[in-house]
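**Student:** Any chance you could fold what I've pasted below:
(2 chains)
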Amino acid sequence: MGSYLHSIEYYLPENTLDNDKLSQEFPEWEAEKILEKVGIRNRHIVSKNETALDMAYQAAEKLLKNFDRELVDFVLVCTQSPDYYLPTGACILQDMLKLRKDIGAFDYNLGCSGYIYGLALAKSLINSQVASTVLLIMAETYSKHIHPSDKSNRSIFGDAATATLILSSAKENIHEFELGTDGKGKDNLIVKRWGMRNHEFNNQDRIEDYLYMNGPEIFNFTLDVVPELVEKVLLKNNESLDSIDFCIFHQANKFILEYLRKKLKVDPAKFYINMLETGNTVSATIPIALKECIQTGLVKSGNKVLLVGFGVGYSWGATIVTI
Amino acid sequence: MDKKEFYKKLVEELDLEDRDINENSSLHLTSLMHLSLMSFLDEHFGVRVKAIDLKDIDSVGKLITLIGIDKFK
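**Tutor:** Residues are numbered from 1 along each chain as shown, chains lettered A, B, ... in the order given. All right, here's what the predicted structure looks like:
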């Protein structure tokens, strides 16, 4: 089993910022000097209402014009300019591109190393047979992070999106990786605004800018998706609810969990519901619950455990792990 | 399910103050009640409704119409 780069497309926004325009705004900088200093003559900059995801869509549409989109079975989006804090842009893109629903999709937050990491992820997904056709998106609008008076950064950064297809193959064409990380450099390239580190509630803030959840519709989504998800993952693994030792679902809330348990006819003795001391900790509920179950002996070594996650996006997934 | 049984179960499910309800009884549904009602309708009638469908439900009669009169004995 191997993987290879099948095709690449890119999209650049229509609006441009050339050195002459920059020079008009900053008369102390001559257009030619900018070119000489940074080696850039022009940048493409998104318009006010255009986002990284809009660009991602354009790039992906270009790519999928000559490729059967029904074959795409995983979407990875690398961006540090997401349309929203949540849901993940890759979920929105799945819908925009009318891709299949039985596929995986998520964003990851990296900058200039993003493509290398994306290839590593795509290769891993293919070699582990989780996916066979990965749509890898890079989409960035640093222009939205840069203050209008910051002439240096405005002269350097442009906006763009790319779309790459990575497919499975008999021979490996994406070779070994070397990756590196050092968080000590965090202060040297950072956007502090809007991050939770500097987040303070302000009475002037609009409520619609904060988290909103339509509980009843989330409940409906859960009922639509989770029973079928469980059925499919059991089938894929040649297992049944009887042969599974324990079930750990995302601890959304007691009401939903109890309802799903009844609907799926799972024995309460092997269905975990406990968010008493933690509440719904979003992506952390499953690992927290798993650790609790192992610590308390509800799950023992050798047990087969069904893990089921579902929520914002919408996004969902399930697997079976042997402890 | 017949209507008498429905009224009884609905009172229990929504923990209604008025224990003796009929088609003409009014309903004041809170958002928490929406969830209970949605699961109740799915479980007992196999009916899936959207939150928006429940917005205008202010009486037991309207709820019966939403479920579908054919679902009752």
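**Student:** Return the residues of chain A in contact with chain B.
**Tutor:** For chain A, the residues in contact with chain B (CB under 8 Å from any CB of the partner chain) are A:214-217, A:219-220, A:223, A:255, A:259, A:262. Any C-beta I mention is one placed from the backbone N, CA and C, and that applies to glycine too.
**Student:** from these, which would you call buried?
**Tutor:** Neighbour counting with 16 or more other CB atoms under 10 Å in any protein chain shown marks A:215-216, A:219-220, A:223, A:259 as buried within the residues of chain A next to chain B.
**Student:** And whichever residue of the stretch 151-300 of chain A sits closest to chain B, its phi and psi?
**Tutor:** Relative to chain B, the nearest point of the stretch 151-300 of chain A is A:Pro216 (3.5 Å; CB to the nearest CB). As for A:Pro216, its main-chain torsions (degrees, to the nearest 10) stand at phi -60, psi -40.
**Student:** circling back: the residues of chain A next to chain B in helices, which ones?
**Tutor:** In helices, defined here by DSSP state H, the members of the residues of chain A next to chain B are A:215-217, A:219-220, A:223, A:255, A:259, A:262.
**Student:** need the helices for chain B, in chain order.
**Tutor:** Ranges of helices in chain B, per DSSP H, are B:3-14, B:31-45, B:51-54, B:60-67.
**Student:** Just to check, B:Arg48 is in contact with B:Leu37?
**Tutor:** No. Counting by CB atoms under 8 Å, B:Leu37 is not a contact partner of B:Arg48; they are 11.7 Å apart.
**Student:** OK, contacts around the residue in the stretch 1-150 of chain A positioned nearest to chain B?
**Tutor:** Chain B sits closest to A:Lys101 of the stretch 1-150 of chain A, with a gap of 17.9 Å, by CB to the nearest CB. With contact set as CB atoms under 8 Å, 6 or more residues apart in numbering or on different chains, A:Lys101 has these partners: A:Gln94.
**Student:** what's the answer for the one 10 residues further on, then?
**Tutor:** For A:Gly111, the residues meeting the contact criterion (CB under 8 Å, 6+ apart) are A:80, A:140, A:189.
**Student:** just A:Thr133 next, same as before
**Tutor:** With contact taken as CB under 8 Å, 6+ apart, A:Thr133 is in contact with A:71-74, A:165-168.
**Student:** Among those, which lie within strands?
**Tutor:** Among the contacts of A:Thr133, the members falling in strands (DSSP state E) are A:74, A:165-168.
**Student:** out of those residues, who has the most neighbours?
**Tutor:** Counting neighbours by other CB atoms under 10 Å in any protein chain shown, A:Ile166 leads these with 27 neighbours.
**Student:** I'd say that residue and A:Gly2 touch.
**Tutor:** No. Look at A:Ile166 against A:Gly2 with CB under 8 Å: they stay out of range, at 10.6 Å.
**Student:** which neighbours do these two share?
**Tutor:** Residues touching both A:Ile166 and A:Gly2 (CB under 8 Å, 6+ apart) are A:126, A:174.
**Student:** need the contact list for A:Ile137.
**Tutor:** A:56, A:59-60, A:75-79, A:90, A:93, A:161-164.
**Student:** As JSON lines, those residues with secondary structure, pLDDT and distance to B:His44 would be great.
**Tutor:** As requested, the contacts of A:Ile137 are exported to JSON lines (DSSP: H, G, I helix; E, B strand; the rest coil; pLDDT from 0 to 100; distance: CB to CB, whole Å):
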{"residue": "A:Ala56", "secondary structure": "helix", "pLDDT": "96", "distance to B:His44": "44"}
{"residue": "A:Ala59", "secondary structure": "helix", "pLDDT": "96", "distance to B:His44": "49"}
{"residue": "A:Ala60", "secondary structure": "helix", "pLDDT": "97", "distance to B:His44": "44"}
{"residue": "A:Val75", "secondary structure": "strand", "pLDDT": "98", "distance to B:His44": "39"}
{"residue": "A:Leu76", "secondary structure": "strand", "pLDDT": "97", "distance to B:His44": "43"}
{"residue": "A:Val77", "secondary structure": "strand", "pLDDT": "96", "distance to B:His44": "42"}
{"residue": "A:Cys78", "secondary structure": "strand", "pLDDT": "95", "distance to B:His44": "47"}
{"residue": "A:Thr79", "secondary structure": "coil", "pLDDT": "94", "distance to B:His44": "45"}
{"residue": "A:Ala90", "secondary structure": "helix", "pLDDT": "98", "distance to B:His44": "38"}
{"residue": "A:Leu93", "secondary structure": "helix", "pLDDT": "98", "distance to B:His44": "39"}
{"residue": "A:Ala161", "secondary structure": "strand", "pLDDT": "93", "distance to B:His44": "49"}
{"residue": "A:Thr162", "secondary structure": "strand", "pLDDT": "94", "distance to B:His44": "52"}
{"residue": "A:Ala163", "secondary structure": "strand", "pLDDT": "94", "distance to B:His44": "48"}
{"residue": "A:Thr164", "secondary structure": "strand", "pLDDT": "94", "distance to B:His44": "50"}
